[in-house]
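Trainee: got a predicted structure here, sequence first:
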Amino acid sequence: MDTNLHLENPSLSRRKLLNFLTGATVAATAGAALYPVGKFFIAPAEKTGAGGAILAKDILGKQIPAAQILAESPGTRALVAGLAGEPTYLIVKEDNTLDHIGLVDNCTHLGCTFPWNPLDQEFQCPCHGSRYAPDGTVIRGPAPLPLKIVQVAVINNSILISPWTETDPRTGKNPWWV
């Protein structure tokens, strides 16, 4: 006969239970604290229309009516928030309509933003001296590529900006940004 007592270890000791509860509490607290931080740094998804079109907005995120930009004189380059919030130039044509091509204000050298110089009739990047023609082609480097373009349409006083996926009219080639 066996006189030894066989005691089985419980499957979950008191120490393991307390470690588990402590870890779960820390994880829940950290998750609750990090969730709002994550929501702050991740932009909300923007509603897009047909072909990925979005409405042109100002710097505060408010929709810009087409009449506001069309009230400017012909040749004006109006800067709006376009696709993914990228600054985009819209061009008022001589017949007081918007050009169907918009230029993204993002230098193809290092991604700087730049102003339109009305005296020289060109875009001039202040960082490294790249210059672009009114249609966004490179006049002087170091920028290696023409500016990215987008499609612009006016419907019911709303300006719709959509990605340009067709052949680039300036080069006759497929767009480099697609």
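Mentor: Looks like it arrived, so ask away. Keep in mind that what you see is a predicted model, and the values were worked out from it rather than measured. Numbers count the residues shown, from 1 in each chain.
Trainee: Val152 belongs to a strand?
Mentor: Yes. Applying DSSP: H, G, I helix; E, B strand; the rest coil, one finds Val152 inside a strand.
Trainee: now it: how far from Ile161?
Mentor: Separation of Val152 from Ile161 (C-beta to C-beta, to the nearest Å) stands at 6 Å. C-beta coordinates here come from the backbone N, C-alpha and C atoms, glycine included.
Trainee: regarding Tyr89, what is its secondary structure?
Mentor: strand.
Trainee: what's the distance between it and Ile139?
Mentor: 16 Å.
Trainee: then Gln63?
Mentor: 34 Å.
Trainee: helices along the protein, start to end?
Mentor: With helices called from DSSP state H, the chain shows them at 14-41, 66-70.
Trainee: quick revisit: list the residues that contact both of Val152 and Ile161?
Mentor: Shared contacts of Val152 and Ile161, defined by C-beta atoms under 8 Å, 6 or more residues apart in numbering, are found at Gly102.
Trainee: now for the helix-or-strand element of the chain with minimal mean pLDDT, which elements pack on it?
Mentor: Scoring the helices and strands of the chain by mean pLDDT, DSSP states H and E places strand 54-55 at the bottom, with a mean of 82. When contacts are defined as 3 or more C-beta pairs under 8 Å, 6 or more residues apart in numbering; DSSP states H and E, strand 54-55 packs onto strand 158-163.
Trainee: per-residue confidence at the most centrally placed residue in the chain?
Mentor: Nearest to the mean C-alpha position of the chain, by C-alpha atoms, centre = their mean, lies Ala84 at 2.2 Å. Per-residue pLDDT puts Ala84 at 80.
Trainee: please report the distance of it from Pro163.
Mentor: Counting by C-beta to C-beta, the gap from Ala84 to Pro163 is 10 Å.
Trainee: Pro65: what's its closest spatial neighbour, skipping adjacent residues?
Mentor: Excluding the flanking residues, the one nearest Pro65 by C-beta to C-beta, 6 or more residues apart in numbering is Asn157, at 5.0 Å.
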